[in-house]
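Participant: mind looking at a prediction? Sequence and model below.
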Amino acid sequence: MTTLSDFKGNVKPDWCPGCGNFAQLTTISAALAELGIDPKDTAVVSGIGCSSNLPEYIKAYGFHGIHGRLLPVATAIKWVNPKLTVIGYGGDGDGFNEGTQHFFHAARRNTDITYIVSDNQIFGLTTGQASPTSEIGMKTKTTPDGNLETPLDPMTFALTAGATFVARGFSGDVKHLQGLIKRGIQHKGFSFIDVFSPCVTFNKTNTYEFFRSRVYKLDESGHDPKNFTQAYEKAREWGDKIPIGVLYEIEASRYEERDPVLKTPLIDHPTMKITPEILKEFT
Amino acid sequence: MSDKEIIIRIAGAAGDGVQSAGLMMAKVFSRNGLHASTYNYYQSIIRGGQSWYQIRASSDKVKSQGDGLDILVTLNKDGIERHTNPEINEGGASSLNGIAIYDKALTGFKQFSGNVKYCPVPLAEIGQKYSKNPLLKNTVALGALCGHISVDFEILADIIRDQFGGKGEIVEQNVNAAKEGYDYFVNTYGRSEKKLQYKKESKYLLAGGDSAGLGAVRAGLKAFFGYPMTPASSFLHFLAQHSKSLDVFVKVTEDEISAINMAIGANYAGVRAMTGTSGGGFALMTEAVGMSGMMEVPLVVYEAQRAGPSTGLPTKTEQGDLLQMLGASQGDFPKVILAPRNVEEAYYMMSDALNIADEYQLPVLFLTDLYLAEHYETVDKLETDFEIKRGKIAKEGMENYRRYEFTEDGVSFRAIPGTPGLMHNEDSDEHDERGDVVSDAVTDPYVRKLAMEKRMKKIEEYIKSIPPTPTYLIKDAESVIIQWGSTQGPVEEAVDILRNKGLKVGVIEMTHLYPMNKDIAELVKGKKHVIFVENNYTGQLRRLVMSEFGISSELIVKYDGESFYPQKLSEEIEAILRR
């Protein structure tokens, strides 16, 4: 059995007071503890951004890589050692700009990793520039006259890419978020959880209050997460009412089950000896 | 030309089966106990164009595609004129001085009867007797060729059986067609007076991509992540085709950035993994090369150079990526650049590269080029034993574990995820001994300095292990050539030519390009001329060696996409020596 304190890292988070990332650090740790997962069997992989500093603050095998590239690293770690619970964690700038291509392909591979995005709709670490999920018209350092780009929708993107678990949470509802993360980790395949995570310093639009007054829970509204069309419709819902919860969850085969070499975890493969018999092929 | 050696060229359009016929012919020699080396001249086109495949075989080790041309087999009309006309010069390739084998139906081309004996054979007509497949004419041509040079037909028949999968109708059609071509040629034109010294033994026949792949597996490679790019694809294809038999996981990813990040992730998780690409793909990978350096995750990158810049000449050779490799990624961090000179060396050096990456926990860049990656060479023997050295890997129970402990040699113990009690963070941000970041809340200049020195120390440690720089005929040499990579063969042959003229010249052959062995400074001491020979425009190795050792030197370059030819190169060297 593990407890929340087993996942407590040595370093104190340096996020701004009130940052949505705190709730995610707690809920990820609590979900892992609740599932009885050992910190030694946990790999937390991130990119670059405020949220991506998380591996420093959690006791596990942390990998704090480069901007946008956490998913290839996380995927490979899982392929090498499937006994590890692999969590990919980063922000909207990291995942939906430079990481977009990896996001799409990681989803269609359906490797058994959990990808959590702290979505604050702004670049925080670089002090407040428009991100791919910033709303149209939003004024930031790089968009003094308002953002001109249509925001990328992570939900429909993930569904289109073939993710087998697509969910949305809110840092302002810790209990609900913890349940989602737990379910995401338990899901066998690529789980994607986009988390509304207000940036209290640079995003004055998408605040706790903004979300609190709009979000409603899918599991309380008769949504069928096995129905792709319904999931897609819910993913498109944005305005006065915004759904949170599991939009979509199905079982499907994973890449690691399809590849003949990967069927045995790579870490357990014996060393291949080159022998004169093998070399005969090359005469 | 002596009885020892023969040069054969098979020409045609892309899609004519030139490459596969050429490789079969190379096998004819390797299975007759001769040395062989091939050269594949082709374009970035799937059908059409003009390509050719040259095979040079000899009782002695074959160092390059060579000068001269004894037999031409041409599968289209364009090929006849192109390879018989002394005026046409394909990047230094010789025109025919010998016999031309071609289909009887090909007529109306310009003849050069002084040097060429024209030997038309009803290739298509014979082929059609056995099958409607037009490629059967290639098999007939191979038969004719083997008849001419007195190869035991059964050896060719076995190669055909291997090529077409053992038994069945297609194999029979090809064997019979080859036999008829064989007999037709012998009965019509007779056998060659050249008596090659065939032996009842087989040699290995491998391309550089194959041998590097085998060398990697020998060193325990478990995963390869890549993205297709000529000429790195020969390595990727080799591993993909042998994924199950050699037990290597092979994944083609969405891009090169993903490939290198996956390779780093897999190494971090505890297995030997690598990536591979050519110059353009490597440009995309550079940021992650620095991550491997900073996080001290072992990594090997196979890079096969092609002629740049940008898309450049996708199917042509060059050595233009050295400075890109050297400069890859921001900041100072330890890295190693290795460059094998030939197919055999690629095998051993790749095994070593994987050990170096693990022992020093840094990126090792394995630099080859199209010529080396794609041409086939015979190899007598391949040592299969190898000691895998994984370096410092932490075990459960290690007390006061610090991932980046400041050690004497700069190398610290890495804990593989899953090891109880040794959880830690590995970071691309600057970090202290524990792996905790020293750049965010408070920057710590003191720790930064120590961390930088810790990493750079590894390179000083590694330098001690670099073997002496290989040389060729350097003992009494008055002047010396410095070469690297696949130019070894033509450079050595050019030196042989010059030695026969009484010119005392030798070669320094650089395999460890960065960091360098300090013996270079000793080796050039007192030499009248120091001449760099490079397949690029600016003399990239020369610039690097000059900056390291302050050596003054001269430069011979070739940047037309082709490798050096010994005769022409010897003339260029001689001109400098006689200055």
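Facilitator: Looks like it came in fine.

Participant: helix or strand: which one has B:Asn224?
Facilitator: No, residue B:224 isn't Asn; it's Phe. Assigned by DSSP states H and E, B:Phe224 belongs to strand B:221-226.

Participant: note down every partner strand of that strand and its orientation.
Facilitator: Strand pairing for strand B:221-226, determined by DSSP bridges: strand B:249-252 (parallel), strand B:272-277 (parallel).

Participant: so which of those is nearest A:His105?
Facilitator: strand B:249-252 (10.7 Å; C-beta to C-beta). For every residue, glycine as well, the C-beta is placed using N, CA and C.

Participant: could you dump the closest one to PDB, C-alpha only?
Facilitator: The C-alpha trace of strand B:249-252 is given here as PDB (Å, rounded to 0.1, in the frame of the first residue of the first chain):
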ATOM      1  CA  PHE B 249      12.300  -3.500 -31.800                       C
ATOM      2  CA  VAL B 250      12.100  -1.200 -34.800                       C
ATOM      3  CA  LYS B 251       9.700   1.800 -35.000                       C
ATOM      4  CA  VAL B 252       9.300   4.300 -37.700                       C
END
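
Participant: following the chain past that strand, name the next helix or strand.
Facilitator: By DSSP H and E, the next helix or strand past strand B:249-252 is helix B:256-269.

Participant: which strands and helices sit next to that next one?
Facilitator: The contact analysis (3 or more C-beta pairs under 8 Å, 6 or more residues apart in numbering or on different chains; DSSP states H and E) places helix B:256-269 against helix A:70-80, helix A:100-109, strand B:221-226, strand B:272-277, helix B:279-295, strand B:299-305.

Participant: if you set the cut-off to 6 Å instead, what comes out?
Facilitator: helix A:70-80, strand B:221-226, strand B:272-277, helix B:279-295 (3 or more C-beta pairs under 6 Å, 6 or more residues apart in numbering or on different chains; DSSP states H and E).

Participant: tabulate the ones you listed (CSV), appending mean neighbour count.
Facilitator: As requested, the helices and strands packed on helix B:256-269 are exported to CSV (neighbours: other C-beta atoms under 10 Å in any protein chain shown):
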stretch, mean neighbour count
helix A:70-80, 31
strand B:221-226, 27
strand B:272-277, 30
helix B:279-295, 23
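
Participant: same list, these, but as TSV with distance to B:Glu433 please.
Facilitator: Formatted as TSV, those follow (distance: least, C-beta to C-beta, whole Å):
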stretch	distance to B:Glu433
helix A:70-80	23
strand B:221-226	29
strand B:272-277	26
helix B:279-295	14
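
Participant: to B:Thr107, which of the ones you listed lies closest?
Facilitator: Checking the helices and strands packed on helix B:256-269 against B:Thr107 by C-beta to C-beta gives helix B:279-295 as the closest, at 44.0 Å.

Participant: now the closest one - C-alpha only, CSV.
Facilitator: Once non-C-alpha atoms are left out, helix B:279-295 reads as follows in CSV (Å, rounded to 0.1, in the frame of the first residue of the first chain):
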residue,chain,number,x,y,z
GLY,B,279,21.8,15.3,-42.6
GLY,B,280,18.3,16.9,-42.9
GLY,B,281,16.8,14.6,-40.3
PHE,B,282,19.7,15.2,-38.0
ALA,B,283,19.1,18.9,-38.2
LEU,B,284,15.7,18.2,-36.7
MET,B,285,17.2,16.0,-34.0
THR,B,286,19.8,18.5,-32.7
GLU,B,287,17.9,19.9,-29.8
ALA,B,288,17.5,16.4,-28.3
VAL,B,289,21.2,15.6,-28.8
GLY,B,290,21.8,18.4,-26.3
MET,B,291,19.2,16.9,-24.0
SER,B,292,21.1,13.6,-24.0
GLY,B,293,24.3,15.6,-23.1
MET,B,294,22.6,17.5,-20.3
MET,B,295,20.6,14.7,-18.8
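
Participant: turn the helices and strands packed on helix B:256-269 into a markdown table, columns for mean pLDDT and distance to A:Pro144.
Facilitator: Formatted as a markdown table, those follow (pLDDT from 0 to 100; distance: least, C-beta to C-beta, whole Å):
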| stretch | mean pLDDT | distance to A:Pro144 |
| --- | --- | --- |
| helix A:70-80 | 98 | 31 |
| strand B:221-226 | 98 | 42 |
| strand B:272-277 | 98 | 41 |
| helix B:279-295 | 98 | 30 |
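
Participant: tell me which residues in the following helix or strand past the strand holding B:Phe224 are buried?
Facilitator: Sequence order places helix B:233-241 as the next helix or strand after strand B:221-226, per DSSP H and E. The neighbour-count check on helix B:233-241 (16 or more other C-beta atoms under 10 Å in any protein chain shown) flags B:Ser233, B:Ser234, B:Phe235, B:Leu236, B:His237, B:Phe238, B:Leu239, B:Ala240 as buried.

Participant: for stretch B:100-120, same thing?
Facilitator: Neighbour-count burial for stretch B:100-120 flags B:Ala100, B:Ile101, B:Tyr102, B:Asp103, B:Leu106, B:Phe109, B:Phe112, B:Val116, B:Cys119 (criterion: 16+ other C-beta under 10 Å).

Participant: stretch B:175-185 now?
Facilitator: For stretch B:175-185, the buried set under the neighbour-count rule, 16+ other C-beta under 10 Å, comprises B:Val175, B:Asn176, B:Ala177, B:Ala178, B:Lys179, B:Glu180, B:Gly181, B:Tyr182, B:Tyr184, B:Phe185.

Participant: appreciated, that's everything.
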